[in-house]
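In: sequence and predicted model, in that order:
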Amino acid sequence: MTIDKIKQKHPLIHCITNYVVANFTANGLLAIGASPVMADEVSEVEEMTAIANGLLINIGTLNQMKVPAMLAAGKAANKHGVPVVLDPVGVGATSYRKQVIQDLLQQVKFTLIRCNEGELAAIAGVAWQAKGVDSGQGTIDTVAVAQEVAQKYDTIVVVTGETDIVTDGTIVEQIAGGHERMTAVTGSGCLLSALCTAALTVEGESTANLAALLQTYKQIALEAANNSTYIGSFQVEILNGLEKYARG
Amino acid sequence: MTIDKIKQKHPLIHCITNYVVANFTANGLLAIGASPVMADEVSEVEEMTAIANGLLINIGTLNQMKVPAMLAAGKAANKHGVPVVLDPVGVGATSYRKQVIQDLLQQVKFTLIRCNEGELAAIAGVAWQAKGVDSGQGTIDTVAVAQEVAQKYDTIVVVTGETDIVTDGTIVEQIAGGHERMTAVTGSGCLLSALCTAALTVEGESTANLAALLQTYKQIALEAANNSTYIGSFQVEILNGLEKYARG
Amino acid sequence: MTIDKIKQKHPLIHCITNYVVANFTANGLLAIGASPVMADEVSEVEEMTAIANGLLINIGTLNQMKVPAMLAAGKAANKHGVPVVLDPVGVGATSYRKQVIQDLLQQVKFTLIRCNEGELAAIAGVAWQAKGVDSGQGTIDTVAVAQEVAQKYDTIVVVTGETDIVTDGTIVEQIAGGHERMTAVTGSGCLLSALCTAALTVEGESTANLAALLQTYKQIALEAANNSTYIGSFQVEILNGLEKYARG
């Protein structure tokens, strides 16, 4: 199981993420035995990425100070062979986010893009009605679009939703199950992107490792929904579930 | 009930808020079926506000990068007819906060100011002993001062405390009850301001909708105090209570 | 007990800290009856520190905007006789952090440095293998190095780990016990630094007050481990435990 491998490796994950989910993300990484470090100052990110096992770039609450840090860290990751994950939070919402994502995709070679359907549509440039940072509504052939994006940027794409998709452009894995309440907690997608970053640091085929991780995350959502009635307790149960599965 | 209406409308709430309470605020909005989006980069806030149903401006952890974003977002809200709420966190504590609040009040027409007694006193320019971001101590005729501020800025004013006050300058509603432990959790006021923003997006008289929301929030505080002994669990129970009432 | 004294004094603690732990820190301070205020804009920190009873400077998620605020606040604390605590988060990880810590130590007289072994080694300039913001691995005579650092900077040093150390350079107190799960929650060290700041505001010998606080914190860790199985609940239990001990 991917989470077991992560726990054994204890990877250091450098997160450039948003302040809404930073605490939840750090505790989620700790729950599976990874070691989070949050740093987004351009003066230090290259050094931090160089000692990390994986880098996460998440564009929620981005600003003009963080963007140069994201670019510098991403390039450092490429230079040092550190896997780097992009979470294009709400990219469809503003032209600034679209521009930043374009810059990131042009200057950094990502190992993985982890997004929802609306963000996928924005990256692919297909029509979609985004709603803030929610996925929004639209009708696209998600698998086909995910494969195109994966091929265009030579990356793995994970699209999460009712059914999750993992594709490297050729292989496609689909993971059903889970619980809709997972999307009703802030940062559940952001945390998943951090967990995916950790998953890229362990041995084995990345697409298979990611598919296994997504399966576990869906199982954790189900159990958290069973173990709690409302969102406050549900959030606590996600962290509990991650540690439970990491202990095996 | 206001929370029911919010759940039916599922409004998008653009929050420019502080990093201490961002997670709690986002989850509180999600608990009542609203959709939070946090964005505070000046390059994108106008676009984000334009697609939002409501805008919250909260000056906790403000800085020189966020202030221009607050002003730009507030003006965009006015232009697009989006209700905009001001939470003047700790305005009495420093002259910088006072200046920022003056600038905001001069350049943005607020639909609502949500504050505690100390912050009200600072906005009204009456004597008060603030203590950091706590309400502090003093003796003012809170209802009269709230009415004056509401008239001066042509806005609704909500002052929370042992008894909450809602006034548009003429109508005054007072809501008693609740539990003192609510003030012993960080961000309970900040979250309430976000919930009030959501309340301004639904049909009906705003003062009545706000009074009903405040009543529910006080009830949630009571139940959270009954369902928990200490602060960690109390914080979780606030989120649980919000979702419970939103489900009806 | 130190926590009792803090609850009686209700000190205002100005925190310049990182966005990962800000919420947890604020609630932890509230749990023991202290009043947190987070402010990191250079235009207001001097005024905020001047009205505070204690100042915490924590360099997690530091950036070029926060560093001048840290320096200004630290100097204001010295000027007004406000105790000031340094938490050199992950100082060994990057040269930028090392430089910032050097600048802080040169320009501000700290009342206390609260760190882990790896951070102590970085400050002392002795060999150590840091790992991001974790303590990392190495072999140093922790007590001797802590005493040297305390003497060099005329400060108290608290090094936390399996056994905690408090020293002013002469007196050495060692506190055993606790639970290893405390290090598996993000911000447990950062929160402790905030609690130590509050401890410096109460009457009595600082080293003894700090030793008593560390003893209580270890006891809280033990009880939290007993009262919870996994990290989500464990984090909640730490806050619960703080309030429980503060109530006495």
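Out: Great, that's in hand.

In: got the contact list for the residue nearest to the spatial centre of chain A?
Out: In chain A, the centroid-proximal residue (CA atoms, centre = their mean) is A:Ser193; its distance is 1.7 Å. A:Ser193 makes contact with A:56, A:58, A:85, A:87, A:114 under the criterion CB atoms under 8 Å, 6 or more residues apart in numbering or on different chains. Using the backbone N, CA and C atoms, a C-beta is placed for each residue, glycine as well.

In: need the three-state assignment for it.
Out: helix (DSSP: H, G, I helix; E, B strand; the rest coil).

In: just A:Ile113 next, same as before
Out: Assigned state for A:Ile113: strand (three-state reduction, three-state DSSP).

In: neighbours of A:Val21, how many?
Out: 30 (other CB atoms under 10 Å in any protein chain shown).

In: check the one 4 residues further on too.
Out: The local packing of A:Thr25 (other CB under 10 Å) involves 27 other residues.

In: what separates the closest residue to A:Tyr153 other than its chain neighbours from B:Glu237, distance-wise?
Out: Leaving out its chain neighbours, the residue that sits closest to A:Tyr153 by CB to CB, 6 or more residues apart in numbering or on different chains is A:Leu105, at 5.9 Å. Separation of A:Leu105 from B:Glu237 (CB to CB, to the nearest Å): 43 Å.

In: pick out whichever of these two has more residues nearby.
Out: Neighbours were tallied for A:Leu105 and for B:Glu237 using other CB under 10 Å; the higher tally belongs to B:Glu237 (23 against 19).

In: now the strands for chain A?
Out: Using DSSP state E, the strands of chain A run over A:12-16, A:35-38, A:54-58, A:84-87, A:112-116, A:129-131, A:134-137, A:156-160, A:164-167, A:172-175.

In: and the fifth one, what's its mean pLDDT?
Out: Averaging pLDDT along strand A:112-116 yields 98.

In: go on, the fourth one?
Out: Strand A:84-87 shows a mean pLDDT of 98.

In: adjacent strands (with direction) for it?
Out: According to DSSP bridges, strand A:84-87 has the following sheet partners: strand A:54-58 (parallel), strand A:112-116 (parallel).

In: and those, which is most packed in?
Out: strand A:54-58 (a mean of 29; mean count of other CB atoms under 10 Å in any protein chain shown).

In: measure how far it is from the centre of its chain, please.
Out: Centroid separation between strand A:54-58 and its chain, computed with CA atoms, centre = their mean, to the nearest Å, is 8 Å.

In: what's the answer for stretch A:60-80, then?
Out: On the basis of CA atoms, centre = their mean, stretch A:60-80 sits 15 Å off its chain's mean C-alpha point.

In: before we move on, back to that, turn the strands paired with strand A:84-87 into CSV, including distance to A:Val158.
Out: Supplementary listing: the strands paired with strand A:84-87 in CSV, determined by distance: least, CB to CB, whole Å:
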stretch, distance to A:Val158
strand A:54-58, 13
strand A:112-116, 5
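
In: can you tell which of these is closest to C:Arg97?
Out: Within the strands paired with strand A:84-87, the stretch nearest C:Arg97 is strand A:54-58; the backing value is 17.8 Å (CB to CB).
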